[in-house]
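>>> Dropping the sequence and predicted coords here.
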Amino acid sequence: MNERVLVADDDANITDVCRRYLEREGYFVLTARDGLEALELWSSQRPDLIVLDLMMPRKDGWQVCKEIRQTEDIPIIMLTARGEEQDRLMGLTLGADDYLTKPFSPRELVLRVRNILRRVRHIQPAPSAASDHTIKYDDITIHVGKRKVEVSGQVIDLTVTEFEMLHLLASHPDQVFSRNQILSKLWDFSYEGDTTTVTVHIRRLREKIEPNPSEPKYIKTVWGIGYKFAGEASR
């Protein structure tokens, strides 16, 4: 497997347990005790995924996530205190792909890591442009194999989860997906979180692809149910 996972938490017990469970599954695990060390390891070791605690010394998880998202869409799983909904929302708004609330099961963490990295492998760039499948709606072009999205010819940076969410909706135009259906299809296992996760990712996606996010043209809300992608694919 050989994928690298960076676990950043100032609690040594948490990093030790996470390391043991992840290494047992074949991952190469790096650990950091504060935000600055996490940024240094991210820069020098280039992990495939980061497990990031929000409350750390020197630099907190919000600052670390914000700095990383300025240059890279590496998958990030946030660790938050139980019941701190505002912390979860802030982490997701900054670009985290998923979150776990403390205390959490290390087996659950392994499932989340495995699922996200499987999605990353699934959407690795195609070896040639000829093998790349595209989906086009007016000024939006989705290069599925290359995991690239263009809006009016400009490449838009999306996280792994944002891309998968857009691909899911755009591949089924006018089909309504409930928030629970989106959770099930993207996370691919029994998800213990709440549907706020989907709401935040949809909001971020709209901010990146919609001409006017407050009046979305593509990703429509179907009140009381969920979301759908409006329009017909261009040929």
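Nice, I can see it.
>>> Now do the buried residues in stretch 67-83.
Using 16 or more other C-beta atoms under 10 Å as the test for burial, stretch 67-83 gives 67-69, 73-80. C-beta coordinates here come from the backbone N, C-alpha and C atoms, glycine included.
>>> Tell me which stretches of this protein form strands.
4-8, 28-32, 49-53, 76-81, 98-102, 134-137, 140-143, 148-151, 154-156, 177-178, 219-222, 226-229 (DSSP state E).
>>> and the lowest-mean-pLDDT helix or strand in the chain, what does it pack onto?
In the chain, no helix or strand scores lower on mean pLDDT, DSSP states H and E than helix 85-94, which sits at a mean of 72. Contacting helix 85-94 under the criterion 3 or more C-beta pairs under 8 Å, 6 or more residues apart in numbering; DSSP states H and E are the following elements: helix 61-69, strand 76-81, strand 98-102, helix 196-209.
>>> any idea how far the most centrally placed residue in the chain lies from residue 201?
The centre of the chain sits closest to residue 97, judged by C-alpha atoms, centre = their mean, with a distance of 2.5 Å. Note on residue 97: its distance to residue 201, by C-beta to C-beta, to the nearest Å, is 8 Å.
>>> Please enumerate the shared neighbours of these two.
residue 161 (C-beta atoms under 8 Å, 6 or more residues apart in numbering).
>>> which residues of this structure score low on pLDDT?
1, 82-85, 88, 122-132, 187-194, 232-235 (pLDDT under 70).
>>> go with 50
Along the chain, the model assigns pLDDT under 50 to residues 126-130.
>>> Mind listing what's buried along the least confident helix or strand of the chain?
So, applying 16+ other C-beta under 10 Å, buried residues of helix 85-94: 87-92, 94.
>>> can you pull the contacts of residue 202?
Applying C-beta under 8 Å, 6+ apart to residue 202 gives the contacts 165, 219, 227.
>>> do that again at 6 Å, thanks
Residue 202 makes contact with no residue, according to C-beta atoms under 6 Å, 6 or more residues apart in numbering.
>>> ok, now how distant is it from residue 141?
Relative to residue 141, and taking C-beta to C-beta, residue 202 is found at 20 Å.
>>> So which of the buried residues of stretch 67-83 is the closest to residue 4?
Lowest distance from residue 4 to the buried residues of stretch 67-83 (C-beta to C-beta) belongs to residue 74, with 10.2 Å.
>>> That closest one and residue 120, how far apart?
9 Å.
>>> and what of residue 221?
Distance from residue 221 to residue 120, by C-beta to C-beta: 28 Å.
>>> And these two? Which one has more around it.
Counted by other C-beta atoms under 10 Å, residue 221 and residue 120 do not tie: residue 120 has more neighbours, with 20 against 13.
>>> roughly how far apart are the closest residue to that one other than its chain neighbours and residue 146?
Nearest residue to residue 120 in three dimensions, chain neighbours excluded: residue 160, at 5.6 Å (C-beta to C-beta, 6 or more residues apart in numbering). Distance from residue 160 to residue 146, counting by C-beta to C-beta: 14 Å.
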